[in-house]
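Engineer: make a model of this:
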Amino acid sequence: MSERQNIDYATAVNLVWLRQMEFAQLLEYADQLAATGSPGLIAVLYRTWLERRPDSPCNPFAWFNLGTVLFGDGDVDGAGQAYEQALALMPDFVQPRFNLGLVRERQGRVDDAIAQWQLVQEHADPGKPEQRPILISALNNQARVQEGRKQFGDAMECLNRSLALEPGQTDVLHHWIFIRAKQCLWPVYEPPAGVSLELLRNSTSALALLSLSDDPQKQLETARGYAQRKLPANLPRLAPQEGYRHEKIRIGYCSSDFCLHPVSMLIVELLELHDRAKFEVYGFCWSPHDGSALRQRVVNAFDHYVDIRALNEEAAARLIRAHEIDILIDLQGQTAGARMHMLALRPAPVQVTYLGLPATTGMSCIDYVIADRFLIPEEYAGNYSEKPIYMPDVYQVSDRKRLCAPAPTRKHCGLPAEGFVFCSFNNNYKYTPEVFDAWMNILRRVPGSVLWLLSDNPWAQASLQREAAARGMAPERLVFAERALPEQYLARYVLPDLFLDTFPFNAGTTANDALWMGVPVLTLTGRSFAARMAGALLTAAGLPELITYDLQAYEDKAVELATTPGACLRLREHLEAVRANGVLFDTPRFARNLEQELIKLLPQKSQCPLNESTE
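Structural biologist: Numbers count the residues shown, from 1 in each chain. Below is the predicted model of the structure:
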């Protein structure tokens with residue numbers, strides 16, 4: 001601050017100390033200081049007021065404002081103490097109650113956060129204009145936390161109450177749609193009161209849309225619309241367009257999924273196999289430290305592991321820029337935990353999307369998507385904001401070192417001693433009523449068969465059992481498997497005869513696992529990335545006969561394979577040869593092919609003769 005401002009501030013503090021400044025003047029002066037970015041000075045003002053005016057009726061508001069200043073400045077514990085003081089003086093004051101919930105969540109005390117938001121719901125009066133938004137925010141935040149904990153029924157109840165208060169909340173509808181899909185509540189598009197079907201469709205997230213439509217143009221429009229709403233226009237570009245000149249090409253992988261997650265399960269061996277004579281590999285991570293062996297293996301695979309969890313998106317982007325990354329590969333897309341703003345700041349000259357979101361990102365800052373010619377045929381490439389990098393064999397990398405536990409018995413898994421076993425271990429939100437109809441028809445046409453499904457959550461399991469009964473299917477024909485550790489989950493594939501894929505959101509990692517374990521995958525292929533993933537794997541495996549293009553053909557093929565003696569056994573034998581010698585699981589080949597493609601992406605000036613002296 002200038003000398004004149006220092007005198008003004010000192011005068012202001014002195015006036016507060018002498019009890020000669022009214023609270024309204026204090027608020028006005030605090031606003032002026034906020035405009036100059038001086039949270040510490042504001043905090044001193046409020047603390048001086050509270051010390052000198054211990055009996056003022058304005059003190060609940062002074063404590064609340066102090067808490068807001070401290071929280072914004074990163075002093076989470078101090079903010080919590082300030083909000084507690086405000087509530088001690090005015091227990092029905094809903095604003096600090098709501099903010100205290102945010103503090104408790106930041107402190108990792110999630111149950112306490114929910115308890116605070118529930119108290120807001122008890123005390124807030126929706127008829128008061130100043131309290132209604134706080135009530136809605138409390139409901140929405142509680143739903144967000146419960147969704148993250150897979151407490152989908154409770155989350156849905158909160159969102160329904162929120163939408164009843166304000167039906168047009170597109171971000172809330174965005175979550176409401178996906179939570180319905182996760183519970184297999186069909187039809188997913190069943191508008192709540194006051195919401196039009198058009199608004200519901202337009203509020204669908206890029207990820208939720210993948211299981212509701214295989215229209216790649218609609219997916220592009222949705223992704224672009226979301227990116228435009230979330231990202232400021234005209235952000236500065238941090239990386240030089242001409243790139244850098246390094247002895248080794250610096251590849252940066254960034255993700256919140258460097259933990260026990262399907263993305264890491266697929267990519268970990270690729271990270272280990274990169275040619276260190278040509279490439280230097282960085283990992284920019286904001287993942288949870290889950291203590292898993294997979295996470296440690298991923299961390300060990302990087303030449304440079306950089307934890308950016310504590311950094312905001314701009315600071316993270318500037319750190320990536322400081323490392324002069326030549327090619328940044330985002331493994332996130334528009335999925336939970338995405339750092340879109342970080343990418344939009346262009347911290348690397350070349351930016352690529354891979355694996356995290358099986359669709360276009362709709363972000364102009366992402367230049368390329370790793371694909372193959374089955375996954376994104378050239379006639380569909382215009383439906384992507386990124387340019388495809390066409391891998392010669394298959395887009396999806398694999399881990400040949402994945403562990404498998406001893407095989408369980410059919411009895412242990414709740415399967416009947418005899419009979420054909422179909423399975424579909426995809427996430428439940430990928431299940432759709434149309435494909436479920438086909439599954440029930442398949443069970444009817446194959447006597448004694450069962451369908452083995454993932455029990456992702458109790459609400460989805462109850463919905464699926466209800467839907468099966470509505471189609472006249474005996475409940476024992478559906479068998480549910482709880483989630484398990486990766487090695488135990490892989491061991492299950494010894495038991496099923498045929499994997500039935502979902503549509504329009506195909507299996508990705510799950511299809512890879514099934515094929516690796518020798519289980520044939522029957523897929524239904526469409527037009528979008530997500531609707532062509534399993535087909536891409538089957539093409540690389542030399543099994544085009546397992547790719548169908550309409551529901552009836554899908555149903556008929558499943559029945560044919562289940563009723564033709566030896567059909568699935570022959571497919572298993574073929575997959576054993578693919579695992580040993582085929583391109584589908586040849587990770588060293590994939591790594592070399594990818595590196596060749598990445599070298600082509602670099603601006604010409606940044607390319608060094610990788611096998612010659614740079615002197």
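Engineer: tell me the domain boundaries of this protein?
Structural biologist: Annotated domains of the chain cover 1-123, 218-400+586-615, 421-584 [automatic domain parsing].
Engineer: and Gly148, which of those domains is closest to it?
Structural biologist: Each of those has some distance to Gly148 by Cβ to Cβ; the shortest is domain 218-400+586-615, at 7.9 Å. No exception for glycine: its C-beta is placed from N, CA and C like everyone else's.
Engineer: what helix or strand is the residue lying closest to Leu100 once chain neighbours are set aside located in?
Structural biologist: Nearest residue to Leu100, sequence neighbours excluded (Cβ to Cβ, 6 or more residues apart in numbering): Tyr83, at 4.2 Å. Following DSSP states H and E, one finds Tyr83 within helix 76-89.
Engineer: what is the lengthiest helix in the chain packed up against?
Structural biologist: If you go by DSSP state H, the chain has its longest helix at helix 132-148. Here helix 132-148 touches helix 94-106, helix 110-123, helix 152-165, helix 170-182, going by 3 or more Cβ pairs under 8 Å, 6 or more residues apart in numbering; DSSP states H and E.
Engineer: list the buried residues in stretch 24-32.
Structural biologist: For stretch 24-32, a neighbour-count test (16 or more other Cβ atoms under 10 Å) marks 26, 29-30 as buried.
Engineer: can you give me the helices for the stretch 201-350 of the chain?
Structural biologist: In the stretch 201-350 of the chain, the helices defined using DSSP state H, counting those that start in this stretch lie at 206-209, 216-230, 262-273, 293-301, 313-322, 340-344.
Engineer: please pull out the lowest mean pLDDT helix or strand from the protein.
Structural biologist: Lowest mean confidence among the helices and strands of the chain (mean pLDDT, DSSP states H and E): helix 3-17, at a mean of 70.
Engineer: next SSE downstream of that helix?
Structural biologist: helix 23-35.
Engineer: which other residues reach that next one?
Structural biologist: By Cβ atoms under 8 Å, 6 or more residues apart in numbering, the surrounding residues in contact with helix 23-35 are 9, 12, 16, 21, 41-42, 45-46, 49, 56, 58, 61-62, 65.
Engineer: any chance of a PyMOL selection covering the buried ones in the residues you listed?
Structural biologist: Buried residues within the contacts of helix 23-35, by 16+ other Cβ under 10 Å, are selected in PyMOL with:
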select buried, resi 9+12+16+21+41+42+45+46+49+58+61+62+65
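Engineer: any chance of JSON lines for the contacts of helix 23-35, columns secondary structure and distance to Pro262?
Structural biologist: Formatted as JSON lines, those follow (DSSP: H, G, I helix; E, B strand; the rest coil; distance: Cβ to Cβ, whole Å):
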{"residue": "Tyr9", "secondary structure": "helix", "distance to Pro262": "54"}
{"residue": "Ala12", "secondary structure": "helix", "distance to Pro262": "56"}
{"residue": "Val16", "secondary structure": "helix", "distance to Pro262": "57"}
{"residue": "Met21", "secondary structure": "coil", "distance to Pro262": "59"}
{"residue": "Leu41", "secondary structure": "helix", "distance to Pro262": "48"}
{"residue": "Ile42", "secondary structure": "helix", "distance to Pro262": "46"}
{"residue": "Leu45", "secondary structure": "helix", "distance to Pro262": "51"}
{"residue": "Tyr46", "secondary structure": "helix", "distance to Pro262": "48"}
{"residue": "Trp49", "secondary structure": "helix", "distance to Pro262": "53"}
{"residue": "Ser56", "secondary structure": "coil", "distance to Pro262": "56"}
{"residue": "Cys58", "secondary structure": "coil", "distance to Pro262": "53"}
{"residue": "Phe61", "secondary structure": "helix", "distance to Pro262": "48"}
{"residue": "Ala62", "secondary structure": "helix", "distance to Pro262": "49"}
{"residue": "Asn65", "secondary structure": "helix", "distance to Pro262": "45"}
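Engineer: which other residues reach the helix holding Tyr83?
Structural biologist: 59-61, 63-64, 66-68, 70-71, 93, 96-97, 99-100, 103-104, 106-107.
Engineer: same thing with stretch 402-411?
Structural biologist: With Cβ under 8 Å, 6+ apart as the test, stretch 402-411 has contacts from 265, 416-417, 421, 485-488, 490-492, 494-495, 513, 516-517.
Engineer: also stretch 538-555?
Structural biologist: Stretch 538-555 has contacts (Cβ under 8 Å, 6+ apart) with 372, 374, 393-394, 434-435, 437-438, 441-442, 445, 503, 515, 520-525, 534-535, 557, 571, 574-575, 578, 582-584.
Engineer: quick one, which of those are buried?
Structural biologist: Using 16+ other Cβ under 10 Å, the buried members of the contacts of stretch 538-555 are 372, 374, 393-394, 435, 438, 441-442, 503, 515, 520-525, 534-535, 557, 571, 574-575, 578, 582, 584.
Engineer: Glu280 touches His323, doesn't it?
Structural biologist: No: taking contacts as Cβ atoms under 8 Å, Glu280 lies outside contact range of His323: 9.6 Å.
Engineer: what's the helix or strand for the nearest residue to Gly508 once chain neighbours are set aside?
Structural biologist: With sequence-adjacent residues excluded and distances taken as Cβ to Cβ, 6+ apart, Gly508 is closest to Met533, at 4.9 Å. Assigned by DSSP H and E, Met533 falls within helix 533-540.
Engineer: any idea which helix or strand comes after that helix?
Structural biologist: Taking DSSP H and E, what comes next after helix 533-540 is strand 547-548.
Engineer: ok, now how distant is His412 from Phe93?
Structural biologist: 55 Å (Cβ to Cβ, to the nearest Å).
Engineer: give me the secondary structure label for Ser398.
Structural biologist: Under DSSP: H, G, I helix; E, B strand; the rest coil, the three-state class of Ser398 is coil.
Engineer: contacting residues for it?
Structural biologist: Applying Cβ under 8 Å, 6+ apart, we find Ser398 in contact with 266, 269, 512, 516, 584-585, 587, 590.
Engineer: if you set the cut-off to 7 Å instead, what comes out?
Structural biologist: Contacts here follow Cβ atoms under 7 Å, 6 or more residues apart in numbering; on that basis Ser398 touches 266, 512, 516, 585, 587.
Engineer: using PDB, write out every CA atom in the helix holding Met533.
Structural biologist: C-alpha atoms of helix 533-540 as PDB (Å, rounded to 0.1, in the frame of the first residue of the first chain):
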ATOM      1  CA  MET A 533     -14.400 -49.300 -27.900                       C
ATOM      2  CA  ALA A 534     -15.000 -53.000 -27.700                       C
ATOM      3  CA  GLY A 535     -15.200 -53.300 -31.500                       C
ATOM      4  CA  ALA A 536     -11.700 -51.800 -31.700                       C
ATOM      5  CA  LEU A 537     -10.300 -54.400 -29.300                       C
ATOM      6  CA  LEU A 538     -12.100 -57.300 -31.100                       C
ATOM      7  CA  THR A 539     -10.700 -56.000 -34.500                       C
ATOM      8  CA  ALA A 540      -7.200 -56.100 -33.100                       C
END
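Engineer: what element comes up after the strand or helix carrying Gln552 heading to the C-terminus?
Structural biologist: In this assignment (DSSP H and E), Gln552 forms part of helix 551-563. As assigned by DSSP H and E, the chain's next helix or strand after helix 551-563 is helix 567-581.
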